[in-house]
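Asker: any chance you could fold what I've pasted below:
(2 chains)
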Amino acid sequence: MTRLNGISHRGRVLTLDSMNPNVKRVEYAVRGPIVQRAVQIEKELKEGVKKPFTEVIKANIGDAHAMGQKPITFFRQVLALCSYPALLEDSKFPEDVKKRAQRILEACGGHSIGAYSTSQGIECIRQDVARYIEKRDGGIPSNPDNIYLSTGASDAIVTILKLLVCGEGRDRTGVMISIPQYPLYSAALADLGAVQINYYLDEDNCWSLNIAELRRALNAAREHCNPRVLCIINPGNPTGQVQSRQCIEDVIRFAKEEHLFLMADEVYQDNVYAEGCQFHSFKKVLFEMGPEYSNTVEMASFHSTSKCYMGECGFRGGYMEVINLDPEVKAQLIKLVSVRLCPPVPGQALLDLVVNPPQPDEPSYATFMTERTAVLSTLAEKARLTEQIFNTVPGITCNPVQGAMYTFPCITLPQKAIDKAKELGLVPDMFYCMRLLEEDGICLVPGSGFGQREGTYHFRMTILPPTDKLKVVLQKIREFHLRFTQEFS
Amino acid sequence: MWNMKQLEYGALARRANRIKDELRQGVRKPYKEVIDVFQGDLHGAGMKPLTFVRQVLAACVYPPLINSNNLPLDVRQRAQEELGRCVGGSVGSYSAAAGIPEIVHSISEFIKRRDGGIPSHPENIYISPGSQWSISNILNVLVNREASPRTGVLIPVPFYNKTVLSITQLGAVTVPYYLSEEQGWALQVDELQRALESAKGVCNPVALYVINPGNPAGYVQSQKSVQEVIRFAWEKRLFLLVDELYQDCVYGENCEFVSYKRTLSEMGPPFSGTVELASFHSVSKGFLGECGLRAGYVELVNLDPAVMKHIHTLSSKDSCTPILGQIALDLMTDPPKPGDPSYPLYKQEIEHIRAVLVHNVKRVHEVINSLPGFSCPPLEGGLFAFPRLNLTPKAIQKAKELGLQPDTFYCTRLLEEGGVFTGPGWEYGQKEGTYHIRFCIAAPQDVMEELLRRLSSFHMTFMKDFS
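Answerer: Got it, this is the predicted structure:
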């Protein structure tokens, strides 16, 4: 019993001491403290507080629509008809839109997107996903039974990790993740009490993956845990690198040699901009390496409707394809996914449209292609612009943004700034980003949220704001950086 | 991965899907379609979505519809409002992790209205992709896998199997308390006491999981019963986890849903300021029946602020609940009002659903109780019937020979021969030596009549075959 204000307080049942200790270790920088401060500032602006800026630009999260990107008309038309089937009578909707909506509704219980689907996802949609994968991968077969639809890719990633993480003490599962990484991985590993094994991407070589570095990390980890999983994000987040085919082969070979389960996060597979870069799916490369590999390496690939040219984060659509999973493990997987009943049906429907877009002979094709091309070419332009402008700023070096939606430039911070940050109890790049937020209303995520080599500092910025706004943002960051450097010289 | 029992999980569901496929391919069977009442899925069983909800969602998904004269004015205005709350004016952008703030606020206002003016604080409300997601998040915080003895959670028998699966997946121990079938599945405090005592030396019970109205058992707790449970939780220092998904499904005469939050608050100190409570609700049941949209919420009361911070971080890594689901939550908690153009149709549809459920509940009770070897108490609330099967030793023997639980055997035969897909009682927990089946009672009246006809016919044949 404790006393507070003269009133007896019995201890609560759920306290910091009694709660799951793993949950306490969970952090997620993308929506972390800097974003909370940004939201607070937005409130202040609304209340009329005067600031050196009139809006907060949230370049912290990979949310295309939030930054003004328009949805694909065809997708939204079909989904509207699925939501309110009476619109099937409306002559304003093209025939191919109506056909797609009808097909999806027929696959739903009671012909409604409000009915549960099976936990693995609507069967005909999984079949469409399998066909999409086959087409993408030059005919290599994909089995719909190996496809699991999910609530965004994050859901599927966490599900696989739940299956893989086990053991106690020195036997505890170790999971290799790239540094820098997308902090969902570190958060999930903390939550599951798994051991995080960091392997560093090579900043001097455009954030490429180095097998020697993988080996170093693995061998060191074997001292204190049981490494079982290797996670790759390709195209990369936050780094944007697009792995070469050779690199992917090397990684697969490494995974086989070291008996590691491969997790290939490929949600940015359509976001490839740099000349000479091409997306190669892990599945495709695995099978092209022959049966010695394709029959043995265990793998899960992930995709979603949140990125690429669709940017439909709010629908929470996604899937994973599992390869060479032990049948008993598969049975456990079905059980695991059944606990949350099923993935959101609108997200499943959207995924169906993404893997099965308008064909050249269909009425919606022309508009669809125009919209898709516009989004991807604009992103490519913004990627180039960002790299170009950041590299003109003394103290900022930016690798080419080969793909994905982010830039992760290296910032040089004066020692005095580093000292000041320490004084304030802040990590130096958090101090930098907080200042930028307060002075210019631009919200980025400090590199410390993604991991970086000791003594280096970065920030992650999305390349999503509309081109004109992006130019302004880049200019402001440039000015801020010079000011900041000057102040702490 | 640990703690998942090696069971033939989902075998019956797979069989049902196979039969549905065969029917689609034109294979001849004694029935033209499978009546699927396995889950609490209103639309799946043929109930219609609410027109207002679907019109608003369609306009949100495809905003040009906001300018269409084919949609009522209030629909268009509402869609505009909802889009105004979405970042970038699109349902395709992420929302705040806990949910769109205006919708969270809407929910708190709904709770306040429902509970006779007792305030509800938006910062204690988290929206999630369905209530099971929320429940497993809260359980994840509660269950300390490193603790010895292991964390225990008191669960009702019969229970909702998904939640119990979550509990065991997280490494906690389930401590069953039996609802009293003779008393219409009433929750008795003596039984809670017995259950708690049985946990001594086995685990450390930290939470009490309650479902009100029940699932699968169709009871609705009286206010007195709710008070007793709260008092028990207070005395024994248990965290209350209350599934209130079926709060709109109340049929029994003299039955009324009263929320745990309201009761707790009205009980005053010391209870109101100390009992830690998590109440869950969703768009999946009630009149909306929008299971496929995946949206629910939890309201947390009296939690440690330091723990709340971690709950917030935990929910942020899950990104956010599907926006369409969040909008459906808003439409559920802030529906059309008298005077709104959509109100008459909305009211009509709600009353129709209610009438169908009330009718079905009566018919099910009538028909089941008229059959030999079959009985069920009056259904006071919820969406399921959980009738008791009095199986003969011969039937039980046959089941054992086939390596099946007796009620699974019954359900399998009912599916194959009668084309009705129901759930076997053992999946939801029952007293040893008793058998039940579970099926959803939310289906159009003609479907329910057909179901009862097939069930009666099958049951008579089955009882005769194994007499």
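Asker: where are the low-confidence patches of the chain?
Answerer: Just going to use chain A. A:1-9 (pLDDT under 70).
Asker: hm, I was asking about chain B
Answerer: Using pLDDT under 70, chain B drops low at B:1-9.
Asker: change it to 90
Answerer: B:1-11, B:13-14, B:17, B:21, B:24, B:144-148, B:252-254, B:314-319 (pLDDT under 90).
Asker: hmm, residue B:248 is touching residue B:284, no?
Answerer: No. Using C-beta atoms under 8 Å, residue B:248 is not in contact with residue B:284, being 11.2 Å away. Every residue, glycine included, has its C-beta placed from N, CA and C.
Asker: neighbour-wise, which of those two wins?
Answerer: Neighbours were tallied for residue B:248 and for residue B:284 using other C-beta atoms under 10 Å in any protein chain shown; the higher tally belongs to residue B:284 (29 against 20).
Asker: surely residue B:216 and residue B:437 touch.
Answerer: No. Residue B:216 lies out of contact with residue B:437 (C-beta under 8 Å); the separation is 9.3 Å.
Asker: residue contacts, the nearest residue to residue A:381 once chain neighbours are set aside?
Answerer: Using C-beta to C-beta, 6 or more residues apart in numbering or on different chains and skipping the chain neighbours, the partner closest in space to residue A:381 is residue A:467 (6.8 Å). Counting by C-beta atoms under 8 Å, 6 or more residues apart in numbering or on different chains, residue A:467 touches A:378, A:381-382, A:385.
Asker: make TSV out of these and add neighbour count and secondary structure.
Answerer: What follows is the contacts of residue A:467, written out as TSV (neighbours: other C-beta atoms under 10 Å in any protein chain shown; DSSP: H, G, I helix; E, B strand; the rest coil):
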residue	neighbour count	secondary structure
A:378	17	helix
A:381	14	helix
A:382	23	helix
A:385	16	helix
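Asker: tell me the one of the residues you listed nearest chain B?
Answerer: residue A:378 (15.4 Å; C-beta to the nearest C-beta).
Asker: what sits against the closest one?
Answerer: Residue A:378 sits in contact with residue A:467, where contact means C-beta under 8 Å, 6+ apart.
Asker: residue A:308 versus that one, what's the distance?
Answerer: 13 Å (C-beta to C-beta, to the nearest Å).
Asker: do residue B:323 as well
Answerer: With C-beta to C-beta as the criterion, residue B:323 and residue A:308 are 18 Å apart.
Asker: does residue A:160 really touch residue A:300, like I thought?
Answerer: Yes. Look at residue A:160 against residue A:300 with C-beta under 8 Å: they come within range, at 5.0 Å.
Asker: can you work out which residues contact both of those two?
Answerer: Contacts common to residue A:160 and residue A:300, judged by C-beta under 8 Å, 6+ apart, are A:263, A:320, A:322.
Asker: tell me the secondary structure of residue A:127, please.
Answerer: helix (DSSP: H, G, I helix; E, B strand; the rest coil).
Asker: can you show me the strands along the stretch 101-250 of chain B?
Answerer: Remark: strands assigned in the stretch 101-250 of chain B by DSSP state E, counting those that start in this stretch are B:125-128, B:151-157, B:173-178, B:204-211, B:239-243.
Asker: nearest spatial neighbour of the closest residue to chain A within the stretch 301-450 of chain B, chain-adjacent residues omitted?
Answerer: For the stretch 301-450 of chain B and chain A, the shortest gap (C-beta to the nearest C-beta) falls at residue B:323, measuring 3.7 Å. Excluding the flanking residues, the one nearest residue B:323 by C-beta to C-beta, 6+ apart is residue A:314, at 3.7 Å.
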